[in-house]
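*Asks:* Sharing a sequence plus its predicted fold:
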Amino acid sequence: MFSREAVERLRRARSVAVLTGAGVSAESGVPTFRGAGGLWRSHNPLTLASVQAFARDPKLVWEFYNWRREVLAPLKPNPGHYALAAIEARAPRFTLVTQNVDNLHRAAGSANLIELHGNLWRVRCSNMDCGEAFLPREDRRVPIEPLPPVCGRCGSLLRPHIVWFGEMLDPENLRSAALAAKECDYMIVAGTSGAVQPAASMPLAAMRAGAYVVEVNPEPTELSGLLSECVQAPSGQALPRLAEAAFGGSASSPPRAGSRGG
Ligand code: BJW
Ligand code: ZN
């Protein structure tokens, strides 16, 4: 499945960076965005997941996110999430940059985690001048009611703490992610189509800086031809194999029984 070089380089890596996308959570039951069965095949992102949609009909947007939260609430991390947490425990330096908003990496025990596109369980004020704007709070009510919820501090609408198309990513997250890509000597790119910027440019930045970059995805992507090695397999199967090959048999089992997803 993985070349000997991919395994050896991971074992010896001083700094590991990982970029994940929706595909790593597919085996947990989370729908991806593009491709067969993808969320954007049945729902229009422009009318449900954009600043314009929220301005036009915040209740409709919140209904969409309440549904997403309901789908996610019972889901658990899969062996791919646990394998990445196990690699983190063994790598001298490790940064996991995820585009996913589902919280499953944290549920699996990943600690040095950058959530580039936000988190479905976080809520923030839509008024950027409000003190609550940069203090996203976790709100695990499913569903959130009444809709749309308002900010206790300033009375503006609360919104999902998600980065919609055309919105800036958190500059500190972006800076840390770019640094991880530039400084790593090994990168794993798992479960992303590589269609969305700026995340999609991270593997190329790592390649330019001399890192060994391994892609894990059952399908070829926009990045496949440009990376060191591509393993066409589901991440829930491939990542545990990689962790075990590099670090031994126990490297991919869940850290403790009963870890909660969502
Ligand atoms: C498996 C599997 C299994 C299946 N195992 N794998 C430069 C050039 C052109 C455009 C831009 C640019 N810079 C910025 C832009 C604009 C835009 C953009 O990138 N557009 C492109 C579409 C061209 N980017 C932005 O707007 C970003 N903001 C920004 O850059 O601000 C500054 C700026 C703005 C405008 C212009 C210029 C600069 C923000 C991006 C926010 C993305 N938000 C979303 C939606 C969140 C809403 C929600 O969740 O409700 O985030 S979009 C959606 O896509 C979501 C994801 O995080 C993101 C990435 O998708 P991902 O994870 O790759 O999923 P899929 O479905 O695409 O792929 C799944 C993969 O898994 C597939 O390959 C499968 O094969 C695989 N798979 N099963 C492993 N078992
Ligand atoms: Zn407010």
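*Replies:* Ah, there it is. Ligands and ions are numbered 1, 2, ... in the order given.

*Asks:* how about the strands in the stretch 101-250 of the chain?
*Replies:* With strands called from DSSP state E, counting those that start in this stretch, the stretch 101-250 of the chain shows them at 113-115, 118-125, 137-138, 158-162, 186-190, 212-216, 229-231.

*Asks:* isn't Leu223 right up against Met207?
*Replies:* No: with contacts counted by C-beta atoms under 8 Å, Leu223 stays clear of Met207, the gap being 9.4 Å. Every residue, glycine included, has its C-beta placed from N, CA and C.

*Asks:* Of the two, which one has the most company?
*Replies:* In this view Leu223 and Met207 are compared by other C-beta atoms under 10 Å, and Leu223 has more residues nearby, 23 against 17.

*Asks:* That one and ligand 2: what is the separation?
*Replies:* According to C-beta to the ion, to the nearest Å, Leu223 and ligand 2 sit 39 Å apart.

*Asks:* Over to His43?
*Replies:* 28 Å.

*Asks:* residue contacts, that residue?
*Replies:* Taking C-beta atoms under 8 Å, 6 or more residues apart in numbering, we find His43 in contact with Ala49, Phe64.

*Asks:* how far away is it from Glu145?
*Replies:* The gap separating His43 from Glu145 is 21 Å, by C-beta to C-beta, to the nearest Å.

*Asks:* again, but for Ala17
*Replies:* From Ala17 across to Glu145, the span is 40 Å (C-beta to C-beta).

*Asks:* for Ala195, same thing?
*Replies:* In terms of C-beta to C-beta, Ala195 sits 34 Å off from Glu145.

*Asks:* between the two, who's got more neighbours?
*Replies:* Shown here are Ala195 and Glu145; by other C-beta under 10 Å, Ala195 has more neighbours (13 against 9).

*Asks:* Show the contacting residues for Gly29.
*Replies:* For Gly29, the contact set (C-beta under 8 Å, 6+ apart) comprises Val71, Leu75.

*Asks:* Tell me, how many residues neighbour the spatially closest residue to Gly118 that is not a sequence neighbour?
*Replies:* Leaving aside its chain neighbours, Gly118 sits nearest to Ile162 (4.1 Å; criterion: C-beta to C-beta, 6 or more residues apart in numbering). Per other C-beta under 10 Å, the neighbour tally for Ile162 reads 19.

*Asks:* Ile162 contacts Trp121, doesn't it?
*Replies:* No: judged on C-beta under 8 Å, Ile162 makes no contact with Trp121 at a distance of 10.5 Å.

*Asks:* got the residues of the protein near ligand 1?
*Replies:* 21-24, 26-27, 32-35, 38, 49, 99, 101, 117, 162-169, 190-193, 195-198, 217-219, 221, 234-236 (C-beta under 6 Å from any ligand atom).

*Asks:* Could you write me a ChimeraX select line covering just the buried ones among those?
*Replies:* In ChimeraX, this line selects whichever of the residues of the chain next to ligand 1 come out buried by 16 or more other C-beta atoms under 10 Å:
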select :21,22,23,24,26,27,32,33,49,99,101,117,162,163,164,169,190,191,192,193,196,217,221,234,235,236
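
*Asks:* From the residues of the chain next to ligand 1, which land in helices?
*Replies:* Counting by DSSP state H, the part of those found in helices is Ser235, Gly236.

*Asks:* what residues does the stretch 1-150 of the chain put near ligand 2?
*Replies:* For the stretch 1-150 of the chain, the contact set with ligand 2 under C-beta under 5 Å from the ion comprises Cys125, Asn127, Cys130, Glu132.

*Asks:* This completes my enquiry, with thanks.
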